[in-house]
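In: sharing a model prediction with you, sequence too.
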Amino acid sequence: MINMVQNAKDQAAALAMAAYQAAVADGTLPAAEVKTAPVEIPKDTANGDFTTTFALAASKALRQPPRNIAQALLDHMDLTGSYFASAEIAGPGFLNFRLNDSWYAAVCEAVEAEGAVYGTNDGLKGQKIMVEFVSANPTGPMHMGNARGGVLGDTLASVLTACGADVTREFYVNDAGHQIDKFAHSIEARYLQIIQGEENVPFPEDGYQGEDIKDLARAYYEENGDKLVSAPEQERLDTLAQFGLSVNLPKMKTDLERYKIHYDNWFYESALHESGYVKETVDLLTERGWTYEKDGALWLRTADILRDHFRKQGKKEADIEKLDLKDDVLRRANGFYTYFAADIAYHRNKFAVRGFDRVINIWGADHHGHVARLKGALDAIGLDGDKLDIVLMQLVKLLRDGEVVRMSKRTGKAISLSDLLDEVSVDAARWYFNAKPDTQMEFDLGLAVREDSENPIYYVEYAHARICSLLRTLGEENVSVPAQADVDMSLLTGEAERALLKQIAQFSEVIKLAARDYDPSYINRYLQELAGCFHRFYTACRIRGEEAAVRDARLKLADDTRIVLRNGLKLIGVEAPEKM
């Protein structure tokens, strides 16, 4: 759990504070309530590797110009035994630090010591977190939105695990309610049309029109004949719905496993209804005074709940009134509970029954309006809605030769996840879909299969394979990667060498940011930068044929890069190939 960037920041902050206390002790600076200022990496590292605004932040309390304070700090600063070779004043009072050889050596030591877990941290240790993602209706094939949500959810779960959290991946199976009823009626119509003729059996106006529905009806008929024709309608619908689910759910699981997504739990909506948990949850809302009856249905006072929610956020009453808030039906006049009622019960189960500290859902941007309603309902039921986080992802646009692709060449239907994986590799799909969630993404099918530096996944994987090739070649010459203790890292003084070491050190920080912002695309960007740093280093710095001490130091650096590339690719579920 070594983070050399954070270690350097902490040390620079401590050095500044120790220098201040020394200046106070000899009367150079007055004593005052002075806080440690943050240490950052400057945008232009020509000015230094790390910088602190300590002097600027302390100026008011000390009643002195920042540069005077900075000079006093510099005069009382002892860098002996630290990671820094020097410190200097810049601008209005910034204090800039330059790293010495010991820090760069410590970066390589950290990679060697931690290996496969290098970059991880324990910042979320003790946190029990659920990531629920995809949760596609089992009424048809998974589409591009599911494909994107699958990677974002899976990679986010990996990132949170890398930060020490106890993470559960969950798929919520909507096997009850209106969508399944429509699914059943659609299969029923196609089934009866096979037996009685299409002209004699009308198809539901809101039914599912896809060929997959016809395939399900045909499959049932070929297996069971016309035995359902004379069955009571509800029995026929229930039978066909269960048959459809028995085909679709295993296919969804197979497609997701092909996509390298494995869930810890598949949670069935039907279980909430069958156990009475939906009814119990709605009754609890009623007990708390949040429901009322109207036109035979039971309604949730969603508008009142949201007004309270927005008031706590500091919104003005006039602005709240402009939102045109509406109440929601929980139980229809026919006695059936709505999807919203089941959703409230499901999230109550996550917190109240299974005890998750935080729940993260990956949803399409079209669900934006549902976020505050669900959070508010959880507050109304006595839970903390702020423990539910929703990551909204934008749409995916598929391109081929610059043209938008909507239909599969193979099937002539909308492109499904399965269709996509027939065209591009799983690794390419996972890489491209792991883009920043809140931006609409364009997936260029042509670029995804190119084998050149324009294709980012190829560029990164090639860096790993290039290092592996180097190791094999040197191995044939009886040269192996040396242990850190046998390497003189002070020989790595070149610009490309130092830039690569700094990039390796950033990996721990990147994982922290990805977890903090629920944005695993940080990993992609980091890996591209790391691959770029390596390719530049490899071009500028000879390894084979170099004097032994320099060769060994550079070889050690190359192997450390290989380890970090492998660790990063593993986080996003992408292979680190040894040959390309």
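Out: Nice, I can see it.
In: could you pull up phi and psi at A465?
Out: Note on A465: backbone dihedrals following degrees, to the nearest 10 are phi -60, psi -40.
In: right, and it touches L569 too?
Out: No: if you go by C-beta atoms under 8 Å, A465 and L569 don't touch, sitting 11.3 Å apart. Heads up, the C-betas are built off the backbone N, CA and C, glycines and all.
In: of the two, who's got more company?
Out: L569 (23 against 18; other C-beta atoms under 10 Å).
In: R348 is in what secondary structure piece?
Out: Taking DSSP states H and E as the criterion, R348 maps to helix 339-348.
In: what residues sit buried inside whatever helix or strand comes next after that helix?
Out: Following the chain from helix 339-348 toward its C-terminal end, the next helix or strand by DSSP H and E is strand 358-364. For strand 358-364, the neighbour count (16 or more other C-beta atoms under 10 Å) marks R358, V359, I360, N361, I362, W363 as buried.
In: can you tell me the strand partners of strand 358-364 and which way each runs?
Out: The pairing partners recorded for strand 358-364 under DSSP bridges are strand 128-132 (parallel), strand 388-393 (parallel).
In: go through these and pick out the most buried.
Out: Comparing the strands paired with strand 358-364 by mean neighbour count (mean count of other C-beta atoms under 10 Å), strand 128-132 comes out on top with a mean of 23.
In: spatially nearest residue to H273 (excluding sequence neighbours)?
Out: Excluding its sequence neighbours, the residue lying closest to H273 (C-beta to C-beta, 6 or more residues apart in numbering) is A176, at 5.4 Å.
In: could I get the buried residue list for the helix holding R348?
Out: F340, A341, A342, D343, I344, A345, Y346, H347, R348.
In: now do the helix or strand where S418 lies: which elements does it pack against?
Out: Using DSSP H and E, the element containing S418 is helix 417-423. Applying 3 or more C-beta pairs under 8 Å, 6 or more residues apart in numbering; DSSP states H and E, we find helix 417-423 packed against helix 144-162, helix 233-258.
In: relative to D386, which of the ones you listed is closest?
Out: Among these, the nearest to D386 by C-beta to C-beta is helix 144-162 (17.6 Å).
In: could you check the angle strand 388-393 makes with that closest one?
Out: For helix 144-162 against strand 388-393, the angle by axes from the mean of the first three to the mean of the last three C-alpha atoms, to 10 degrees is 130 degrees.
In: and the angle for the helix or strand just after helix 144-162 with strand 358-364?
Out: Using DSSP H and E, the helix or strand that follows helix 144-162 in sequence is strand 166-173. Taking the same axes, to 10 degrees, one finds strand 166-173 and strand 358-364 inclined to each other by 40 degrees.
In: show me the contacts for T338.
Out: G177, D328, V329, L330, R331, R332 (C-beta atoms under 8 Å, 6 or more residues apart in numbering).
In: does the third one touch A297 like I think?
Out: Yes: at 5.0 Å, V329 and A297 qualify as touching, with contact defined as C-beta under 8 Å.
In: is it correct that G532 falls within a helix?
Out: Yes: G532 forms part of a helix when assessed by DSSP: H, G, I helix; E, B strand; the rest coil.
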